[in-house]
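*Asks:* Whatever this is, show me its structure:
(2 chains)
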Number of protein chains: 2
Amino acid sequence: MYIPTFDDVKTAQKRIAPYIHKTPVLTSTFMNELSGAELFFKCENFQKAGVFKVRGATNAVFGLSEELAVKGVATHSSGNHALSLAYAAGRRGIPVTVVMPHTAPEAKKSAVRGYGGSIVECEPSTSSREETFAKVVAESGADFVHPYNDPRVISGQATCSLELLEQAENLDAVIAPIGGGGMVSGTCLALSNVAPETKIYAAEPKNADDAYRSFKAGKIIADDAPVTVADGLKVPLKDLTWHFVSNHVEDILLATEQEIIDAMKLIWQRMKIVMEPSSAVPLATILKNKNTFAGKRVGVIITGGNVDLDKLPWNNSN
Amino acid sequence: MYIPTFDDVKTAQKRIAPYIHKTPVLTSTFMNELSGAELFFKCENFQKAGVFKVRGATNAVFGLSEELAVKGVATHSSGNHALSLAYAAGRRGIPVTVVMPHTAPEAKKSAVRGYGGSIVECEPSTSSREETFAKVVAESGADFVHPYNDPRVISGQATCSLELLEQAENLDAVIAPIGGGGMVSGTCLALSNVAPETKIYAAEPKNADDAYRSFKAGKIIADDAPVTVADGLKVPLKDLTWHFVSNHVEDILLATEQEIIDAMKLIWQRMKIVMEPSSAVPLATILKNKNTFAGKRVGVIITGGNVDLDKLPWNNSN
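*Replies:* Residues are numbered from 1 along each chain as shown, chains lettered A, B, ... in the order given. Take a look at the predicted model:
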C-alpha cells in the first residue's frame, strides 16, 4: 500500500490547476449566530462537474502515461466520482467506463453520459458493484481509478483543504462528510502537513455509520447497502482511507436523516446555494454538537451540488 | 414627480454600503455555449434579505430624518420589498408595517416577521392592496416607501448596475426582469449616465405582460391580478418607472410560464444557485432571442433567491 505524501499533493495541485475551479468560501451571519461558531463554507458544489471529486479524478487521469491512457479509465461509484472521472477523461480525450447502481439518481447518469462516459449498471450493493466492475476491467484493460482508495485520488482531494487554508486562515477545525473517506483522507494529508494544529472532524449519517463504528472499534467495519438520503456516503472505508482516518481524525460525529434534511434545507434557504444531502451532514452535526465548536473558526466542506431537483428530500418528508 | 439623478445614486451608494453585500458576478461555460452570448450573472440572490430590493429600501430608510424615522415606515409589496424594508428598518431600529396579499409565499411572510416586521394582509389584487394600505398609513403616520415608484428606491436599485459594471466591463447589454420596473429603472438611471452605449432589455412573463403592452402602446397599461409563477413581477408600471422604461429601454422581451420554469431549473442544476422564478425570466428570453444577444457581453440580473422550497414550480409541472 503506497501512502501518498505532501509532495504528491503539491504535484497534484499543479497538475489539475488548468482543469478545476478555485471554489469560493462563503460565510453567513445567520449560520454563525445559529451555530455559535465562525463557519467557512468551502463550496465545492461550484466545482467543475459539481463536486470536489473532480480534483482526485483529474489528478489520476492526467498522471497516466500516454501508453496507459489510450486504454482509458474505469471506475465504480455512487455517482459523483463517475461524473468526475468522465469529466477528466473527456478533458484528456480518453475513454471512460463507469459501473453504477441502477438506483443512482437519473441526473447523475445523464451527466456521466453527457461528458461522454459509458455506463454499466449493477445492483445497489457493494458486493454487486465490485463483481460487475471486475468484469469490465478484465474486458477493457482500462486503468482502475478507485473512487477513494487510491493515492492519486486522495492527493487530488487534498488540494481542496490547501485552498481552504489560503482563503480562511487559522482554522481551529475542518469538518467534512465521510463515506469511503476520500475527502477526509485528503484533508488529513493536507492539514497534517501544513496546519497540524487544526482538528479534523468527519460527519456521517447515523444510517450509514460504518466509519463511526470502525473509528470506535479501531478496525474497519463495513455496512452492505445502507439506506440514507446522503447517497454519496454509503460506501465503506478501505485500507488507505482507514490509515488517514485512524491516524488523524479527531472524532466522527453522526446525524439522523431528519437532521441532515433540515440542515440541507436551511443551507438552501439561507445561503441560496444548491448542494447535496451529503454536504449537509457537517452542518447537521455542528448544530447538535455546539459545545465542540463554540467560538471556533471552522472550515465546512460543501462537497457537491449534484442533486436531482425532482426528488428533493423535504418533499418526501412533509 | 421628482426624477432621481446620478448624484442621488452616488449618495445612495455611500449610504447603503455598510448594510448591503457587494454581490458576486458568476459566469458559466455551459450557459455561454447554450446561449451563444457571454453572460455575466449579477447574483442579487446572495444579497442581504436575499434580494436586490434591500438596496432601495435601505436607501429610503437611512435617508429619513430622525423626526420622520421614529414614526416608522410602511409599504405594500408582493413580498421581497417587504422583506427588504423590514431588514432595513431593523438595522435602523425603527418600526415597519407591511401590507401583503394573504396568498404571498409563507417563506416571505415568516421572513418579514423574522426581521421584526408587522404584517397586515389584503386580497391578492392591486386595488385591494392599495385600499388596505391607505388605512394603515393613516393610522400610523409611517413614511410610505413604495416598492418601486419612489426616487429613493430607484436610486438604491441603481447601485446594482454600478457594481456590475465594475465587475464586468464593456457590457453590450444588461437584461433584468420587469414587474413594477424598479430594478429596470435603476439600471436605466445608472447606465444612461456611466455606460450610455450599453443597451437595456427588460424581461417579462407573457402572463403578466403589462410592461410589454405599455411599451408598445406608448402609455401605461395595467393588469389587475395577473397569474404567473414569477410572483415578484405581477405589479404594474407607475409614472416614475414609466419615465425610465419609456426613455431608456431598448426592448421588452416575453417568456412563457414553461420557458421561465425551464430556465430556472437549468440555472439551479448548472450554476448550483437558488434563485426565484422572476430571476429566470431574463435567461428564458435570452434563450428564445439568441440572435439579439449572439456574441454579445450581457449582464443578467439575478434579482433574488427567496423561493418557497416546498413549492418549486417544476414539481407542479411534471
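
*Asks:* pLDDT (mean, whole number) over the strand or helix carrying A:Ser161?
*Replies:* For A:Ser161, the host element (DSSP states H and E) is helix A:151-167. Across helix A:151-167, pLDDT averages out at 98.

*Asks:* Using PDB, write out every CA atom in it.
*Replies:* What follows is helix A:151-167 as a C-alpha-only set of coordinates in PDB (Å, rounded to 0.1, in the frame of the first residue of the first chain):
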ATOM      1  CA  PRO A 151      -3.300   7.500  -3.600                       C
ATOM      2  CA  ARG A 152      -3.800   9.600  -6.700                       C
ATOM      3  CA  VAL A 153      -7.300  10.400  -5.800                       C
ATOM      4  CA  ILE A 154      -6.500  11.200  -2.200                       C
ATOM      5  CA  SER A 155      -3.700  13.500  -3.300                       C
ATOM      6  CA  GLY A 156      -6.100  15.300  -5.600                       C
ATOM      7  CA  GLN A 157      -8.800  15.700  -2.900                       C
ATOM      8  CA  ALA A 158      -6.100  17.100  -0.500                       C
ATOM      9  CA  THR A 159      -5.800  20.200  -2.700                       C
ATOM     10  CA  CYS A 160      -9.200  21.300  -1.500                       C
ATOM     11  CA  SER A 161      -8.000  21.900   2.000                       C
ATOM     12  CA  LEU A 162      -4.900  23.700   0.800                       C
ATOM     13  CA  GLU A 163      -7.100  26.200  -1.000                       C
ATOM     14  CA  LEU A 164      -9.400  26.500   2.000                       C
ATOM     15  CA  LEU A 165      -6.400  27.400   4.300                       C
ATOM     16  CA  GLU A 166      -5.400  30.100   1.900                       C
ATOM     17  CA  GLN A 167      -8.900  31.500   1.900                       C
END
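
*Asks:* which is the next helix or strand following that helix?
*Replies:* strand A:173-177.

*Asks:* Partner strands of that following strand, with direction?
*Replies:* Counting by DSSP bridges, the strands paired with strand A:173-177 are strand A:199-205 (parallel), strand A:297-302 (parallel).

*Asks:* Contacts only, for the spatially most central residue of chain A.
*Replies:* Among the residues of chain A, the one closest to the centroid is A:Met183, at 4.8 Å (C-alpha atoms, centre = their mean). Shown in contact with A:Met183 (C-beta atoms under 8 Å, 6 or more residues apart in numbering or on different chains): A:Phe52, A:Gln157, A:Cys160, A:Ala176, A:Pro177, A:Ile301, A:Thr303. Where you see a C-beta, it was placed from the backbone N, CA and C, and this is true even at glycine.

*Asks:* near chain B, which residues of the stretch 101-250 of chain A show up?
*Replies:* A:Ala107 (C-beta under 8 Å from any C-beta of the partner chain).

*Asks:* Spatially, what comes nearest to the one residue in the stretch 101-250 of chain A that gets nearest to chain B if we skip its sequence neighbours?
*Replies:* Per C-beta to the nearest C-beta, A:Ala107 is where the stretch 101-250 of chain A lies closest to chain B, at 7.4 Å. Using C-beta to C-beta, 6 or more residues apart in numbering or on different chains and skipping the chain neighbours, the partner closest in space to A:Ala107 is A:Asp308 (4.5 Å).

*Asks:* Now do the phi/psi pair for that neighbour.
*Replies:* phi -80, psi 110 (degrees, to the nearest 10).

*Asks:* Then A:His76?
*Replies:* Here is the backbone geometry of A:His76 (degrees, to the nearest 10): phi -120, psi 150.

*Asks:* and it, how many neighbours?
*Replies:* Using other C-beta atoms under 10 Å in any protein chain shown, A:His76 has 28 neighbouring residues.

*Asks:* Which residue does the stretch 151-300 of chain A have closest to chain B?
*Replies:* Relative to chain B, the nearest point of the stretch 151-300 of chain A is A:Lys272 (3.8 Å; C-beta to the nearest C-beta).

*Asks:* dump the residue contacts of that residue.
*Replies:* With C-beta under 8 Å, 6+ apart, A:Lys272 has these contacts: B:Asn45, B:Phe46, B:Gly50, B:Ile273, B:Val274, B:Met275, B:Gly305.

*Asks:* which one of those residues has the most neighbours?
*Replies:* B:Gly50 (29 neighbours).

*Asks:* so that residue touches B:Ser279, yeah?
*Replies:* No. Assessed by C-beta atoms under 8 Å, B:Gly50 is found out of contact with B:Ser279, at 10.7 Å.

*Asks:* Find residues that contact each of these two.
*Replies:* Common neighbours of B:Gly50 and B:Ser279 (criterion: C-beta under 8 Å, 6+ apart): B:Gly304, B:Gly305.

*Asks:* Tell me the secondary structure at the residue lying closest to A:Arg92 once chain neighbours are set aside.
*Replies:* Spatial nearest neighbour of A:Arg92, chain neighbours left out: A:Val61 (5.3 Å); criterion: C-beta to C-beta, 6+ apart. For A:Val61, the assignment made with DSSP: H, G, I helix; E, B strand; the rest coil gives helix.

*Asks:* Give me the spatial nearest neighbour of the residue of the stretch 151-300 of chain A closest to chain B, chain neighbours excluded.
*Replies:* In space, and not counting its chain neighbours, A:Lys272 is closest to B:Gly305: 3.8 Å by C-beta to C-beta, 6+ apart.

*Asks:* Over to the one you found: give its phi and psi.
*Replies:* Here B:Gly305 shows phi and psi, under degrees, to the nearest 10, equal to phi -130, psi 20.

*Asks:* quick one, what contacts it?
*Replies:* B:Gly305 makes contact with A:Lys272, B:Asn45, B:Phe46, B:Gly50, B:Val51, B:Ile273, B:Val274, B:Met275, B:Glu276, B:Ser279, according to C-beta under 8 Å, 6+ apart.

*Asks:* So which of those residues is the closest to B:Val245?
*Replies:* B:Ser279 (18.9 Å; C-beta to C-beta).

*Asks:* Give me the next element, helix or strand, following the host helix or strand of the closest one.
*Replies:* Element membership for B:Ser279, per DSSP H and E: helix B:277-288. Under the assignment DSSP H and E, the closest C-terminal helix or strand after helix B:277-288 is helix B:290-293.

*Asks:* give me the number of residues near A:Ala208?
*Replies:* That count, for A:Ala208 with other C-beta under 10 Å as the rule, works out to 23.

*Asks:* hang on, the earlier thing: using a markdown table, please lay out the contacts of A:Lys272 together with pLDDT, secondary structure and distance to A:Val9.
*Replies:* What follows is the contacts of A:Lys272, written out as a markdown table (pLDDT from 0 to 100; DSSP: H, G, I helix; E, B strand; the rest coil; distance: C-beta to C-beta, whole Å):
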| residue | pLDDT | secondary structure | distance to A:Val9 |
| --- | --- | --- | --- |
| B:Asn45 | 98 | helix | 35 |
| B:Phe46 | 97 | helix | 31 |
| B:Gly50 | 94 | helix | 38 |
| B:Ile273 | 98 | strand | 30 |
| B:Val274 | 98 | coil | 33 |
| B:Met275 | 98 | coil | 36 |
| B:Gly305 | 96 | coil | 35 |
